[in-house]
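>>> this is a predicted model, with the sequence first.
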Amino acid sequence: MSGITAASAESQEELAFEGALRPKSLDEFVGQRKVRGQLDLLLKAAAMQDRTPDHILMAGPPGLGKTTLAMIVAHESGRPLRMSSGPAIQHAGDLAAVLSSLVPGEVLFIDEIHRMARSAEEMLYLAMEDFRIDVMVGKGAGATSIPLDLAPFTLVGATTRAGLLPNPLRDRFGFTAHLEFYEKDELEQVLIRAAHLLELDIDRTALREIAGRSRGTPRIANRLLRRVRDYALVHRTTDGMAAVQGALDLYDVDELGLDRLDRAVVEIMLTRFDGGPVGLNTLAVSVGEESETIESVVEPFLVRVGLVTRSPRGRIATPQAWRHFGMTPGQAAGAQPGLFDDDTDPDTV
């Protein structure tokens, strides 16, 4: 009989678990088969030619493994890794300090690279292409440019919004990896590996249930698995499915993976606006959230699972949304006519 048991863990062990959940090599990495094959070829070719690998851009939604793959690039090529982020590089001088301290062959990982300052982006063009930068010394008419040679390095940039990268920067990457959402069976493999590392004895049926509610994202799958472990520990249950159902109900994650905010957005569209169309700003005010949160966090998943569509006039709930919430058009009392934001760009309403 399959069950679920969790070893008690001290805070030090919890930190070790966090690191252990990240795969250390391409062979351990689950999913993204095409990207893994492309990276494997790139790294092996660089090793055979005794050179630093080409610069790599990782593009895709959050939680799909961009940071993990950057660590694997450094590990597989036997190079040290330096980590930074776009928001931390707000001046060209910040980037110059990082680049000038790199050792030969080092892998520089910049997360959310599209959020770097424009002056730093322009400095990066020359650094990526010729491994040198021009440092301005002095001000005004007496300012001079001093070229500074850099050690050969590999830049790995990660972005959730590749369209915000300027073309000159995007074109300087030798390889762009487009990460896709995971299939349910791939997430199940991720969870099997994580359950082993977390010392959980949990049946496959329970893992499949978690995978189906993880929005195609390994980060979410691992997070839900830990909550299930916590629930089993606190409630002293060895029934895997009971722990999954109890934990996910407690954290408001339904069978499609919708959370509290997702459901609030769709329910507002159905009950207050009879399915839409509804403008982004109107929808954000109705649920008490920022419009950027709705557009970048909530909407992509709702569109992907077919509950919401976008039109020039605003967001519209699909027939599947009505069915999922057990309602029919016109059923909601006091529904308002569909509203849209006249002052909003039609491409973003």
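Structure received.
>>> tell me where the stretch 201-349 of the chain has helices.
Under the criterion DSSP state H, counting those that start in this stretch, the stretch 201-349 of the chain contains helices at 204-212, 218-235, 240-250, 260-271, 280-287, 291-293, 299-304, 319-324.
>>> how much does the second one deviate in direction from helix 240-250?
Computed by axes from the mean of the first three to the mean of the last three C-alpha atoms, to 10 degrees, the angle separating helix 218-235 from helix 240-250 equals 110 degrees.
>>> could you pull out the buried residues of helix 218-235?
218-222, 224-229, 231-233 (16 or more other C-beta atoms under 10 Å). C-beta: built from backbone N, CA, C; applies to glycine.
>>> dump the residues you listed into TSV; add pLDDT and distance to residue 58 as well.
Output for the buried residues of helix 218-235, formatted as TSV (pLDDT from 0 to 100; distance: C-beta to C-beta, whole Å):
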residue	pLDDT	distance to residue 58
218	90	14
219	89	14
220	90	18
221	90	19
222	89	19
224	91	24
225	90	24
226	88	25
227	90	27
228	90	29
229	88	29
231	89	33
232	86	34
233	86	35
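>>> could you look up the SS state of the most centrally placed residue in the chain?
Centroid-nearest residue in the chain, with C-alpha atoms, centre = their mean: residue 62, separated by 0.8 Å. Under DSSP: H, G, I helix; E, B strand; the rest coil, the three-state class of residue 62 is coil.
>>> which residues are in contact with residue 74?
80, 81, 107, 109 (C-beta atoms under 8 Å, 6 or more residues apart in numbering).
>>> strands - which of these land there?
Taking DSSP state E as the definition of strands, the contacts of residue 74 contribute 81, 107, 109.
>>> is residue 135 in a bridge, and if so with what?
Note on residue 135: beta-bridge partners by DSSP bridges are residue 146.
>>> and for residue 154?
Residue 154 has the following beta-bridge partners by DSSP bridges: residue 107.
>>> tell me the mean pLDDT over the helix or strand hosting residue 70?
Counting by DSSP states H and E, the element that carries residue 70 is helix 66-77. Averaging pLDDT along helix 66-77 yields 90.
>>> and the angle from that helix to helix 218-235?
100 degrees.
>>> ok so residue 156 is a helix residue?
No: assignment of residue 156 by three-state DSSP gives strand, placing it outside any helix.
>>> rewinding a little: how far does the helix holding residue 70 sit from its chain's centre?
A distance of 16 Å separates the centroid of the chain from that of helix 66-77, by C-alpha atoms, centre = their mean, to the nearest Å.
>>> ok, now which ones touch the nearest residue to residue 293 once chain neighbours are set aside?
Computed as C-beta to C-beta, 6 or more residues apart in numbering, the closest residue to residue 293 that is not its neighbour in sequence is residue 284, at 7.4 Å. Contacts for residue 284 (C-beta under 8 Å, 6+ apart) come out as 290, 291, 293, 294.
>>> put together JSON lines for the residues you listed, with pLDDT and distance to residue 278 on each row.
Below are the contacts of residue 284 laid out as JSON lines (pLDDT from 0 to 100; distance: C-beta to C-beta, whole Å):
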{"residue": "290", "pLDDT": "85", "distance to residue 278": "16"}
{"residue": "291", "pLDDT": "81", "distance to residue 278": "12"}
{"residue": "293", "pLDDT": "82", "distance to residue 278": "16"}
{"residue": "294", "pLDDT": "82", "distance to residue 278": "10"}
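>>> select only the buried ones of those residues in ChimeraX?
Under the burial definition 16+ other C-beta under 10 Å, those of these that qualify are selected in ChimeraX by:
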select :291,294
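>>> any idea how far residue 267 is from residue 273?
Per C-beta to C-beta, to the nearest Å, residue 273 is found 11 Å from residue 267.
>>> give me the pLDDT for residue 346.
Model confidence at residue 346, given as pLDDT, is 41.
>>> with residue 330 instead?
For residue 330, pLDDT reads 65.
>>> check residue 340 too.
Predicted confidence (pLDDT) for residue 340: 46.
>>> and residue 4, by the same measure?
49.
>>> cool, residue 14 as well?
Residue 14 is assigned 48 on the pLDDT scale.
>>> can you start the count at 47 instead of 1 from here on
OK, 47 is where the count begins now, so the last one is residue 60.
>>> excluding sequence neighbours, find me the nearest residue to residue 150.
residue 197 (4.2 Å).
>>> who's in contact with that neighbour?
Applying C-beta under 8 Å, 6+ apart, the residues near residue 197 are 148, 149, 150, 151, 152, 177.
>>> and those residues, which two are furthest apart?
Pairwise distances across the contacts of residue 197 (C-beta to C-beta) peak at 12.8 Å, for the pair 149 and 177.
>>> neighbour count for the two, which is higher?
residue 177 (16 against 11; other C-beta atoms under 10 Å).
>>> quick check: the more buried one vs residue 97, distance?
Distance from residue 177 to residue 97, by C-beta to C-beta: 12 Å.
>>> what's the answer for residue 224, then?
Distance from residue 224 to residue 97, counting by C-beta to C-beta: 25 Å.
>>> what of residue 236?
For residue 236, the distance to residue 97 equals 33 Å [C-beta to C-beta].
>>> how about the helices of the stretch 47-196 of the chain, start to end?
In the stretch 47-196 of the chain, the segments counted as helices under DSSP H, counting those that start in this stretch are 57-66, 79-94, 112-123, 138-146, 164-176.
>>> output those helices as TSV; include the columns distance to residue 346.
Below are the helices of the stretch 47-196 of the chain laid out as TSV (distance: least, C-beta to C-beta, whole Å):
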stretch	distance to residue 346
helix 57-66	26
helix 79-94	20
helix 112-123	16
helix 138-146	30
helix 164-176	25
